[in-house]
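Trainee: Fold the following.
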Amino acid sequence: MPFRYKNKLAQMPQARVLSDRVHWVADDQTALEQADSIIIAIPPKHQPTVAQAALALLNINRVVLEKPLAPTPTTALELLDRLEDSGKEFRINYTFRFTDWGEQLLRNKYKDKLTIEWRFMAHHFKHQLHNWRRDAATGGGALRFYGIHLVALLAEMGYSTVITSETDTESARWEATLAGSHLPNCHLLIDTMATQDKFTVTAGSTTLANQASVFSITDPNFDMRVPALVKLYASFSTQQPDWYRAAILLWKNLERTNGYPEIEAFRGL
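Mentor: Modelled structure (predicted):
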């Protein structure tokens with residue numbers, strides 16, 4: 001990792017125990033040149049540029065990218081084209097498919113209406129921060145930053161049609177109903193300004209999840225995302241996912257229904 005992250009890592013109680021196992025280098029470019037795989041964990045507006053630099057290096061064989069790929073679906077599709085044309089292995093950080101409830105949704109064919117509700121107080125609202133995760137124009141908000149996980153999972157299941165989609169003026173709350181061939185309608189609700197944390201998934205009268213968070217781990221000394229991320233990285237041993245494009249197209253349809261303006265793609269790709 002670039003040396004500039006060393007102090008930050010040391011201040012993270014859930015990760016500082018790993019600091020001695022990190023190979024620190026001078027800067028981002030040195031890290032790129034010495035690695036055979038790269039995990040990009042930066043805001044969406046910067047990801048296309050960094051990804052392009054990684055794809056240009058012969059020593060980079062595998063790339064893991066953050067979601068959303070870019071601030072808008074149009075730009076994300078352009079980056080996806082570049083990734084597919086590169087011939088390199090890549091994964092997008094869609095981790096909900098690796099949760100217990102996500103695996104159930106992918107494995108079973110439910111006939112009754114699906115309902116997914118996710119309520120919590122986002123860090124930026126809790127601490128009154130004005131950062132990119134709060135701003136839909138830069139890839140944040142209830143749909144683009146949080147909902148995109150569910151969009152990807154539902155696209156993999158076969159959902160492709162948007163019946164309704166609506167966000168509030170602050171992009172803090174998103175509600176939608178989706179449909180798919182031979183699939184029950186799915187109703188989604190994400191409230192990032194809720195006063196109580198609650199995540200539920202139901203199929204008719206069957207409860208697949210009823211917990212405080214998307215991830216079931218509650219140990220405060222352990223990052224709850226780690227088990228799903230381990231599965232994501234292990235997936236490089238399997239076939240390249242064939243539903244990434246469908247996920248972005250579903251996202252694009254949601255935004256069109258939602259009334260988000262279509263922003264011109266980054267021409268730097």
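Trainee: C-alpha only now, for contacts and for neighbours.
Mentor: OK.
Trainee: which residue ranges form the helices in the chain?
Mentor: Under the criterion DSSP state H, the chain carries helices at the ranges 6-10, 28-34, 47-55, 73-86, 100-107, 123-126, 141, 148-157, 226-234, 244-258.
Trainee: Can you tell me which of these is packed in deepest?
Mentor: Of all these, helix 141 has the most neighbours on average by mean count of other CA atoms under 10 Å, namely a mean of 24.
Trainee: got a list of what the most centrally placed residue in the chain touches?
Mentor: Centroid-nearest residue in the chain, with CA atoms, centre = their mean: K67, separated by 3.7 Å. Under the criterion of CA atoms under 8 Å, 6 or more residues apart in numbering, the neighbours of K67 are P44, I92, N93, Y94, F145, I148, H149.
Trainee: and the first one, what pLDDT?
Mentor: Which is P44. At P44, the pLDDT value in this model is 94.
Trainee: From Y94, how far off is it?
Mentor: When CA to CA, to the nearest Å is the yardstick, P44 and Y94 sit 14 Å from each other.
Trainee: Same check on the last one?
Mentor: Computed as CA to CA, the H149 to Y94 distance reads 6 Å.
Trainee: For T177, which residues count as its bridge partners?
Mentor: Counting by DSSP bridges, T177 is bridged to T164, H187.
Trainee: sorry, back to before: what's the distance between the residue nearest to the centre of the chain and L55?
Mentor: With distances defined as CA to CA, the gap from K67 to L55 amounts to 18 Å.
Trainee: Sketch out the low-pLDDT regions of the stretch 101-250 of the chain for me.
Mentor: When the per-residue scores of the stretch 101-250 of the chain are filtered using pLDDT under 70, the ranges that remain are 218-220.
Trainee: May I see the helices of the chain organised as a markdown table, with distance to N61 added?
Mentor: Conversion of these to a markdown table gives the following (distance: least, CA to CA, whole Å):
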| stretch | distance to N61 |
| --- | --- |
| helix 6-10 | 25 |
| helix 28-34 | 11 |
| helix 47-55 | 9 |
| helix 73-86 | 10 |
| helix 100-107 | 28 |
| helix 123-126 | 34 |
| helix 141 | 32 |
| helix 148-157 | 24 |
| helix 226-234 | 13 |
| helix 244-258 | 19 |
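Trainee: Nearest to S171, out of those?
Mentor: The stretch from the helices of the chain with the least distance to S171 (CA to CA) is helix 141; that distance is 4.9 Å.
Trainee: More neighbours: P44 and Y94, which one.
Mentor: Between P44 and Y94, counted using other CA atoms under 10 Å, the more crowded position is P44 (25 against 21).
Trainee: show me what contacts the more buried one?
Mentor: With contacts defined as CA under 8 Å, 6+ apart, P44 is in contact with E66, K67, P68, L69, A70, P71, T138, G139.
Trainee: so how far is N258 from the residue nearest to it when sequence neighbours are not counted?
Mentor: Sequence neighbours aside, A70 is the residue nearest to P44 in space, at 4.5 Å (criterion: CA to CA, 6 or more residues apart in numbering). From A70 over to N258 the distance is 18 Å, taken as CA to CA.
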